[in-house]
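> Sharing a sequence plus its predicted fold:
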Amino acid sequence: MFSINNILRENIKQLVPYSSARDEYQGEASVFLDANENAFGSPMEQQFNRYPDPLQFEVKKRLTKIKGVPPRNIFVGNGSDEAIDILFRSFCNPGADNVILVPPTYGMYQVSANINDVAVKNVPLTEEFQLNLEGIAEAIDKNTKLIFICSPNNPTGNSIDRTDIETLLANFSGIVVVDEAYINFSRQKTFIQELTEYANLVVLQTLSKAWGLAGLRIGMAFASEEIIEVMNKVKPPYNVNEASQQLALQALANIEQVNNWIKEILLQRDKLVLGLKDFDFVVDIYPSDANFILVKTTDANGIYNFLVEKGIIVRNRSKVELCEGCLRITVGTPDENNLLLQTLQNFK
Ligand SMILES: *Cc1c(COP(=O)(O)O)cnc(C)c1O
């Protein structure tokens, strides 16, 4: 069914990638006069005068240990937003191809589609925030290249039924992108383990959420070797800078801290739900598999503005399809969550 050659853009198939100095010579030489770097150094203590590893091998080695996926099946990007954009640029012909989105979902898929002049077919989630498989099947045409499924979904917080995603993977001849930015907070299993089963699967993860590294901009795509090869060919040569690579290596050595935070965040999420559900203005709190909750209220704009005045910022999602009246609230520290709840006592 799926064949990468059927969906790759012709210009990408033909593309001869940029060959950097770091690509052309890899080894232990002592004098590097090949990349027009400043051989004297950088004008501060830490030294960044050499170009970074274009394929981030040390970072991938660490990721292999944690994720159980060999480096050849891992793409590392400048945030997973870069991976999203590269998927569009690799597989979608501007002005001709289309992708399927299932709103309400993460906003970057639509923006990336717009930037790349790729049409979007929206097939909204059901009232239960699950896939409308019939609607998706009807929307697919011969120019449909990608389907984006975010699970756990942003902004609704729930996981998408696994068997529904597998149905798509088994029947769609394009690529199914499963965005697992929030997987560390979920009891659901990752789709990474299905990579050997489905050649058309791309799993996105990121160090921005549970790993506490949003400022470093490191995201990952896990996929077949042939998809990863294409993504590496299309990406800017030095897409992840040296400082980010070094700091990510440090962070990835401390998984224990992250696992403790995840437990604490889940505990805090439950407390926040308990604290919020008694307010008169709270209509519903949706079940969450993520580090945020979606709260349906009687007056989203009023509450949002009230909180802004008090210096507390939540995400107003009330204009989003199926999210009328909804605020998305990230789980903070115990102090931050308590302050939010105390402040809301005074909302009339
Ligand atoms: C936050 C988020 C991302 C962004 O990841 P970066 O790695 O920071 O670019 C991707 N997908 C979803 C669903 C997100 O919520």
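Received, thanks. Residues are numbered from 1 along each chain as shown.

> so who does the closest residue to the ligand within the chain touch?
Among all residues of the chain, G79 sits closest to the ligand, at 2.8 Å; criterion: Cβ to the nearest ligand atom. Where you see a C-beta, it was placed from the backbone N, CA and C, and this is true even at glycine. Each residue near G79 by Cβ atoms under 8 Å, 6 or more residues apart in numbering is listed here: T206, S208, R217, I218, G219.

> and the second one, how many residues sit next to it?
Right, the one you point to is S208. Neighbour count of S208, defined by other Cβ atoms under 10 Å: 18.

> which phi and psi does it have?
Backbone torsions of S208, given as degrees, to the nearest 10, read phi -80, psi -20.

> Give me every residue in the chain that's in contact range of the ligand.
Within the chain, the positions lying close to the ligand (Cβ under 6 Å from any ligand atom) are 79-81, 106, 150, 154, 179, 181, 206, 208-209, 214, 219.

> Swap in 5 Å and give it another go.
G79, S80, D81, Y106, C150, N154, D179, A181, T206, S208, G219 (Cβ under 5 Å from any ligand atom).

> Looking at those, which are in helices?
Judged by DSSP state H, helices contain the following of the residues of the chain next to the ligand: S80, D81.

> got a winner among the contacts of G79 for most neighbours?
Those, ranked by neighbours (other Cβ under 10 Å): first place I218, 29 neighbours.

> dump the residue contacts of that residue.
The contact partners of I218, taken as Cβ under 8 Å, 6+ apart, are V59, V76, G77, N78, G79, T206, L207, S208, V240, S244, A248.

> The fourth one: neighbouring residues, count only.
Summarising burial for N78: neighbours were counted as other Cβ under 10 Å, giving 20.

> Per-residue pLDDT of it, please?
Here, the pLDDT recorded for N78 equals 98.

> Test my guess that it contacts S208.
No. N78 is not in contact with S208 according to Cβ atoms under 8 Å; the separation is 11.2 Å.

> Quick check: neighbours shared by those two?
R217, I218, G219.

> what is the last one paired to in the beta sheet?
Applying DSSP bridges to G219 yields these beta-bridge partners: G77, T206.

> quick one, what contacts it?
Neighbours of G219 in contact, by Cβ under 8 Å, 6+ apart: 76-83, 204-208.

> at 10 Å instead, please
G219 is in contact with 75-84, 179, 181, 204-208, 240, counting by Cβ atoms under 10 Å, 6 or more residues apart in numbering.

> Show me what the helix or strand bottoming out on mean pLDDT in the chain is packed up against.
Within the chain, confidence by mean pLDDT, DSSP states H and E is lowest for helix 21-24 among all helices and strands, at a mean of 84. If you count contacts as 3 or more Cβ pairs under 10 Å, 6 or more residues apart in numbering; DSSP states H and E, helix 21-24 packs onto no helix or strand.

> So for the helix or strand just after it, what gets flagged as buried?
Using DSSP states H and E, the next helix or strand after helix 21-24 towards the C-terminus is helix 57-67. Neighbour counts using 16 or more other Cβ atoms under 10 Å place V59, K60, R62, L63, K67 of helix 57-67 among the buried residues.

> Looking at those residues, spot the one nearest N291.
If you rank the buried residues of helix 57-67 by distance to N291 using Cβ to Cβ, K67 comes first, at 19.5 Å.

> For that closest one, give me its contacts.
Contacts of K67 (Cβ under 10 Å, 6+ apart): K60, N73, I74, T190, I192, Q193, V203, Q205, M220, F222.

> Please tabulate these in a markdown table and include pLDDT as additional columns.
Shown next, in a markdown table, are those (pLDDT from 0 to 100):
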| residue | pLDDT |
| --- | --- |
| K60 | 98 |
| N73 | 98 |
| I74 | 98 |
| T190 | 98 |
| I192 | 98 |
| Q193 | 96 |
| V203 | 98 |
| Q205 | 98 |
| M220 | 98 |
| F222 | 98 |
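
> right, and the pair among those residues with maximum separation?
K60 and Q193 (18.1 Å).

> shaky segments in the chain?
Of all residues in the chain, none has pLDDT under 70.

> Please, where are all the helices along this protein?
Under DSSP H, the chain gives helices at 4-7, 10-14, 21-24, 57-67, 80-91, 108-115, 133-139, 162-171, 225-234, 242-252, 255-277, 300-309, 334-345.

> what residues does the second one touch?
Under the criterion Cβ under 10 Å, 6+ apart, residues I4, N5, L8, R89, S90, F91, N93, V230, K233, V234 lie in contact with helix 10-14.
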